[in-house]
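A.B. asks: Sequence and predicted structure, then a few things I'm wondering about:
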Amino acid sequence: MKLIYTANARIPSEKAHPYQIVQMCEAFADAGVAVTLLYASRRNLPELCTDDVWGFYGVKRNFVAERLWVLDLHPLARHLGPLARVWDGLSALLVMLTYNLSLLLRLPRERKAVIYSRDPLSLVLIAALWPRWAGRLFLEVHTYPATNIGIWLRRWLVGRIAGWVVITNHLRQRYEALGIPADRLLVAPDGIRRARFEVKGDRTDWRAKIGWPVDAFIVGYMGRFHTLGMDKGLSDLVEAVILLAGDQSAHPVRLGLVGGPAEAVEGLRARFRTAGLPDEMVLYAGQVPATAVPNYLRAFDVCAMPFPWTEHFAYYASPMKLFEYMASGVPIVATDLPSTAEIIRNGENGLLTPPSDPIGLAGALRRLRHDPELARRLADQAARDVGNYTWDARARRILGLIERASDPSCQDGASGV
């Protein structure tokens with residue numbers, strides 16, 4: 001089988017979805033599929049300017065990554081002052097149009113390949129131009145549209161593509177309501193590559209290498225501080241750590257942050273200062289390479305995921321950080337949202353607290369601080385459970401859907417499916 005993964009995305013990127021796309025390309029290829037990633041030739045940040053997507057993300061060079069031309073005028077926005085936001089919107093539209101034009105020019109040579117995408121517009125254009133390809137078109141969705149146009153695009157695709165992949169059970173219910181048959185719809189949460197977390201050294205070793213205090217109780221958070229313009233609950237986590245810092249203990253509390261943006265960290269430090277606490281309360285590592293993430297997670301005492309209640313976080317999120325937390329061997333405290341509760345069982349493989357409740361969050365952190373046996377038990381169970389959420393396992397499930405639902409001619413020469 002040959003699989004074309006279309007991605008109108010800036011790759012490499014500091015964001016999560018290109019990381020997920022690259023991991024899945026590796027996993028599909030590991031399953032015996034010939035994979036080509038067609039991604040947008042976007043202008044990038046200086047530190048991300050590389051064509052070596054394999055080395056950047058620490059994956060095997062077992063798939064082809066091909067850049068498609070786009071007209072990207074985003075960099076001009078920094079010269080436009082108050083018009084920058086309008087220009088960014090127009091530039092995004094231009095990138096979308098030119099990427100899909102390049103894609104439609106590129107695809108005719110792929111007459112037997114499965115086309116897999118996270119972009120409904122790309123599949124709408126492909127299905128409209130080549131309706132006979134319907135049996136080999138597959139869409140992965142991570143949201144439910146908030147606009148009538150978005151809903152229309154997805155309704156139009158019902159019956160015109162072979163299968164759908166969603167990341168939560170709530171999304172499955174929403175898309176079933178559009179008329180998608182249950183046997184064409186697969187729930188496949190995100191995951192991890194297990195081998196990345198087979199790192200040597202314990203908490204003390206990694207703190208010494210990183211330069212973090214060995215004797216501190218470090219509450220850690222890894223990832224971007226915002227997504228789609230939404231806060232991820234860092235302010236609640238700061239308030240919880242402030243409450244925890246008021247406890248009498250031989251081990252000082254610290255907040256360990258890996259990710260960004262860096263400019264947001266000063267605001268977090270300022271909140272600690274207003275509470276009479278020093279800047280040293282925040283241990284900030286910045287944005288680190290994907291290959292180094294397991295090392296920093298191992299240095300935490302607790303991995304925190306304090307998402308607030310929003311429709312996105314409650315129903316449509318399958319955060320990769322959650323699975324990486326589970327694989328790290330460190331106990332997890334997360335907010336009790338429907339999407340999170342599909343993975344974390346309170347008191348069994350993590351602790352769940354009400355969203356936007358710093359007092360409740362502080363209470364859960366306090367339990368783990370004073371009960372190392374509980375912390376160890378939760379972490380060990382999470383590490384066992386995450387075996388169900390690897391990229392390889394996810395790829396096998398998706399390929400099973402493709403095998404059941406796609407045009408039989410796509411299976412010619414298939415291996416491992």
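C.D. replies: Happy to help now that I have it. Numbering: from 1, shown residues only.

A.B. asks: any chance you could map the helices in the stretch 251-400 of the chain?
C.D. replies: Counting by DSSP state H, counting those that start in this stretch, the segments of the stretch 251-400 of the chain that form helices are 265-274, 293-298, 311, 320-327, 338-341, 358-370, 372-385, 391-405.

A.B. asks: and the fifth one, what's its mean pLDDT?
C.D. replies: What it means is helix 338-341. Across helix 338-341, pLDDT averages out at 96.

A.B. asks: Residue 225 contacts residue 235, correct?
C.D. replies: No - taking contacts as C-beta atoms under 8 Å, residue 225 lies outside contact range of residue 235: 9.7 Å. Where you see a C-beta, it was placed from the backbone N, CA and C, and this is true even at glycine.

A.B. asks: Those two: which is more packed in?
C.D. replies: Neighbours were counted for residue 225 and for residue 235 using other C-beta atoms under 10 Å; residue 225 has more, 20 against 17.

A.B. asks: ok, now how distant is that one from residue 339?
C.D. replies: From residue 225 across to residue 339, the span is 19 Å (C-beta to C-beta, to the nearest Å).

A.B. asks: Could you do residue 42 as well?
C.D. replies: Taking C-beta to C-beta, one finds residue 42 at 29 Å from residue 339.

A.B. asks: okay, the two: which has more neighbours?
C.D. replies: Neighbour count, other C-beta under 10 Å: between residue 42 and residue 339, residue 339 has more, with 23 against 18.

A.B. asks: The residue nearest to residue 119 when sequence neighbours are not counted: what secondary structure?
C.D. replies: Spatial nearest neighbour of residue 119, excluding adjacent residues (C-beta to C-beta, 6 or more residues apart in numbering): residue 8 at 5.4 Å. Following DSSP: H, G, I helix; E, B strand; the rest coil, residue 8 is assigned to strand.

A.B. asks: What is the neighbour count of residue 166?
C.D. replies: Neighbourhood size, residue 166 [other C-beta under 10 Å]: 26.

A.B. asks: got it, and residue 309?
C.D. replies: Close neighbours of residue 309, defined as other C-beta under 10 Å, add up to 15.

A.B. asks: So for the residue nearest to it when sequence neighbours are not counted, what's the pLDDT?
C.D. replies: For residue 309, ignoring the flanking residues on the chain, the nearest one in space by C-beta to C-beta, 6+ apart is residue 355 at 4.2 Å. For residue 355, the model assigns a pLDDT of 97.

A.B. asks: mind listing what residue 355 touches?
C.D. replies: Neighbouring residues of residue 355 by C-beta atoms under 8 Å, 6 or more residues apart in numbering: 233, 306-309, 313, 335-337.

A.B. asks: what's the closest of the residues you listed to residue 160?
C.D. replies: Among these, residue 313 lies closest to residue 160 (C-beta to C-beta), at 30.8 Å.

A.B. asks: okay, now that closest one: neighbour count?
C.D. replies: There are 22 residues near residue 313, going by other C-beta under 10 Å.

A.B. asks: ok, how many other residues are close to the residue nearest to it when sequence neighbours are not counted?
C.D. replies: Nearest residue to residue 313 in three dimensions, chain neighbours excluded: residue 307, at 4.2 Å (C-beta to C-beta, 6+ apart). Neighbours of residue 307 under the rule other C-beta under 10 Å: 26.

A.B. asks: Residue 307 touches residue 235, doesn't it?
C.D. replies: No - using C-beta under 8 Å, residue 307 is not in contact with residue 235, being 12.0 Å away.

A.B. asks: gap between residue 309 and residue 141?
C.D. replies: In this view, residue 309 and residue 141 are 21 Å apart by C-beta to C-beta.

A.B. asks: Same check on residue 239?
C.D. replies: Separation of residue 239 from residue 141 (C-beta to C-beta): 34 Å.
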